[in-house]
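In: Here's a sequence, model it:
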Amino acid sequence: MFEFDQDAVDALLVDSAQFKRLYDKYSALKSRIREGNAKRVAITQLDLEGLKRTKLQLKDQMAGMIKDYRGAHV
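Out: A predicted model of the protein is given here:
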């Protein structure tokens, strides 16, 4: 996900409960979307699109937190 910022992700996972909560939710959604795309779980296309939208929102929130972290740790 944020391979180029793995050190920031690792630090935030330890230092920020909010980031960890978002990261865990993002990971769960990513897995559910993968299963839905592979047809391993029954999910409608509309629900799948909603999960994707939520995943992108979480990614944007985490990216903002990483940017803030980077700015504070230059």
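In: Okay, now the unreliable bits of this structure?
Out: Along the chain, the parts satisfying pLDDT under 70 run over 1, 3, 74.
In: How is the one residue sitting closest to the centre of the chain classified with respect to secondary structure?
Out: Centroid-nearest residue in the chain: residue 26, 3.3 Å away (criterion: Cα atoms, centre = their mean). Judged by DSSP: H, G, I helix; E, B strand; the rest coil, the three-state class of residue 26 is helix.
In: begin at 566 from here
Out: Yes, from this point I'll number from 566; that puts the last item at residue 591.
In: wait, what's in contact with it?
Out: Applying Cβ atoms under 8 Å, 6 or more residues apart in numbering to residue 591 gives the contacts 566, 620, 623-624, 627. For every residue, glycine as well, the C-beta is placed using N, CA and C.
In: switch to 10 Å and redo it
Out: 566, 619-624, 626-627 (Cβ atoms under 10 Å, 6 or more residues apart in numbering).
In: Pull up the gap between it and residue 574, please.
Out: 11 Å (Cβ to Cβ, to the nearest Å).
In: Likewise for residue 628?
Out: Computed as Cβ to Cβ, the residue 628 to residue 574 distance reads 10 Å.
In: Skipping adjacent residues, who's closest to residue 613 in space?
Out: Among residues not flanking residue 613 along the chain, residue 601 sits closest, at 4.8 Å (Cβ to Cβ, 6 or more residues apart in numbering).
In: actually residue 630, not the one I wrote
Out: Using Cβ to Cβ, 6+ apart, the closest residue to residue 630 is residue 584 (5.3 Å).
In: for residue 597, same thing?
Out: residue 616 (6.1 Å).
In: What strand or helix carries the one you found?
Out: helix 610-637 (DSSP states H and E).
In: Over to residue 585?
Out: Going by DSSP H and E, residue 585 is in helix 582-602.
In: burial of residue 583, as a residue count?
Out: 11 (other Cβ atoms under 10 Å).
In: Return the set of buried residues in the host helix or strand of residue 574.
Out: Assigned by DSSP H and E, residue 574 falls within helix 571-580. Neighbour-count burial for helix 571-580 flags 573-574, 577 (criterion: 16 or more other Cβ atoms under 10 Å).
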